[in-house]
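> Quick check, what structure comes out for this input:
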Amino acid sequence: MTTIFERAATAIATLSVPYANQVYIPQTGTALPDQFIVFFLVSSQPVLQADDAEELRGNRVQVSVYDRNGLVSLPDVDTAMIAAGFKRSAKNQLPFNQETRHFGLALEYTYLEDE
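Here you go, the predicted structure:
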């Protein structure tokens, strides 16, 4: 069975942008790339239970895109995630990171998992 983490990582990998689960940590001595993606599981809750077993689980995943050049030319995360079965949800601009000089956009997606 594919986990929600594998499903999100597989979708994001199609974008050909450096990515990581939760925190992007470059190799020692290497700076952060100009553009990168991090993702994490925001929540995962049972949606339907029957006969003392979970039948459906609702997952919410946040994919954050960081770019030093602003938020105009970002990779098409929506298309990649939708192709993997996710549904679009909230979108929020993240505060500019003074230290790394990255702009950020947080995109949330839901996925209904059949247990």
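> all helices of the chain, in order?
Counting by DSSP state H, the chain has helices at residues 4-13, 77-83.
> any chance of those helices in JSON lines, plus mean pLDDT?
JSON lines is the format used below for the helices of the chain (pLDDT from 0 to 100):
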{"stretch": "helix 4-13", "mean pLDDT": "98"}
{"stretch": "helix 77-83", "mean pLDDT": "98"}
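> Save those as a markdown table, and put in mean neighbour count and distance to residue 107 too.
In short, each C-beta sits where N, CA and C put it, glycine included. As requested, the helices of the chain are exported to a markdown table (neighbours: other CB atoms under 10 Å; distance: least, CB to CB, whole Å):
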| stretch | mean neighbour count | distance to residue 107 |
| --- | --- | --- |
| helix 4-13 | 17 | 11 |
| helix 77-83 | 17 | 6 |
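> just so I know, which of those helices lies nearest residue 39?
helix 4-13 (5.2 Å; CB to CB).
> how close does the residue sitting nearest the centre point of the chain get to residue 27?
Most central in the chain under CA atoms, centre = their mean is residue 63, positioned 2.4 Å from the mean C-alpha point. Distance, residue 63 to residue 27, by CB to CB, to the nearest Å: 23 Å.
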